[in-house]
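Novice: need a structure here:
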Amino acid sequence: MTAFPLRWCAAALALCLAGAAQAAQAWPEQPITLIVPFGAGGITDLTARTVARQLQAELGKPVIVENKPGAGGNIAADIVARAKPDGYTLMIITNGMVAVNPLIHRQLGYDAFRDFAYVSMIASTPLVLVVPESSPVKDLPSLIGRARTRPEAVSFASSGQGTSIHQVFALLQKETGTSLMHVPYKSGAEAATALLSGVVDVTAVETVVVGPFVQSGKMRALGVTSSKPVPNLPEVPVASAGLGAEFDVGSISGLVAPAATPASILAALERAMQVVAQSDGMAQLYAQGSQPMPTGSRVFQERMRQEEAKWRRVFAGDPAK
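Specialist: So this is what the prediction gives:
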């Protein structure tokens, strides 16, 4: 009596699996949405739009960028973690969303390693600590000295808790024993505007974005958060020279999909991203200060594990910094 129902169930399951496999092989058949977890104008947005253009050319289907800012990227991450895993919803994720947000937010709507399939890293972009040109702070030592003598009186703007700007200043405070006042915004562009408007004393801006502000005299660069000078700002000193090797900090971006996305689609995306990494569009981004990163899923996950260990030493026990 039960043989027929079981046989029908097995047949139905086989049909479902065959249909899923066929759909994966035909991917992509429709436009792809690429979610950006921060507002327009910042490095993550700029990187996403560059990747979208190159990915669209490689896949032959429109790649539509949607900004979903807020909560240090948590809003976008929650959306993508719960999205249909069909390859049509992707996201640019950052190292802060993976390695820092779980340390500073008590409740997250996602698990960074369980809920996403890691496709490929894209770039690492160092930042430049900057003050308004009118600021009495002339260099990094004077900023540190001012912060030591006036705890909480020096304010810094960030693009949100857990983001690369927040990471820079959390590490700065840990390494120097200072205490600065954190003023978070929704994007790096908003943080830069706050600095130029005189709302805050200092911020850190990605090298790709900050060049015109420094060259026009609107901002004074104090130090770059990389192990060596960057091509577009060769005169800016390396912050790690005075603060140690740990101050090699960058906004690391990468492409992820919902965790249950079919393996064939993830493989196709990984191959496409290898081509994107070699494109003229990405070369232009690299020329402005971003640094290329190894492509591929495995190396991406390994690097995020390293970032998790690094930032746990900084944020554990004092997430408010």
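Novice: quick one: the helices in the stretch 1-150 of the chain?
Specialist: Using DSSP state H, counting those that start in this stretch, the helices of the stretch 1-150 of the chain run over residues 3-26, 43-59, 74-81, 95-99, 101-104, 140-149.
Novice: Run the chain-centre distance for the shortest one.
Specialist: Averaged C-alpha coordinates place helix 101-104 at 15 Å from its chain's average position (CA atoms, centre = their mean, to the nearest Å).
Novice: Just the C-alpha atoms of it, please, in CSV.
Specialist: Presented in CSV, the C-alpha positions along helix 101-104 are these (Å, rounded to 0.1, in the frame of the first residue of the first chain):
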residue,chain,number,x,y,z
ASN,A,101,29.8,43.6,13.4
PRO,A,102,29.4,40.3,15.3
LEU,A,103,31.6,41.7,18.0
ILE,A,104,29.8,45.0,18.5
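Novice: if we can go back for a sec, hey, least reliable of the helices of the stretch 1-150 of the chain by pLDDT?
Specialist: Sorting the helices of the stretch 1-150 of the chain by mean pLDDT places helix 3-26 lowest, at a mean of 55.
Novice: what ranges do the helices span in the stretch 201-321 of the chain?
Specialist: Secondary structure of the stretch 201-321 of the chain by DSSP H, counting those that start in this stretch: the helices cover 207-215, 240-243, 263-277, 280-287, 297-315.
Novice: Could you dump those helices into TSV and include distance to Gln54 and mean neighbour count?
Specialist: No exception for glycine: its C-beta is placed from N, CA and C like everyone else's. Formatted as TSV, those follow (distance: least, CB to CB, whole Å; neighbours: other CB atoms under 10 Å):
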stretch	distance to Gln54	mean neighbour count
helix 207-215	16	20
helix 240-243	31	17
helix 263-277	4	18
helix 280-287	5	14
helix 297-315	18	17
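Novice: Out of these, name the one with the poorest average pLDDT.
Specialist: Between the helices of the stretch 201-321 of the chain, the lowest average pLDDT goes to helix 240-243, which shows a mean of 76.
Novice: I'd like to know which elements it is packed against.
Specialist: Counting contacts by 3 or more CB pairs under 8 Å, 6 or more residues apart in numbering; DSSP states H and E, helix 240-243 packs against helix 140-149, helix 164-176.
Novice: from the chain's centre, how far out does it sit?
Specialist: Taking CA atoms, centre = their mean, the mean C-alpha location of helix 240-243 is offset from the chain mean by 23 Å.
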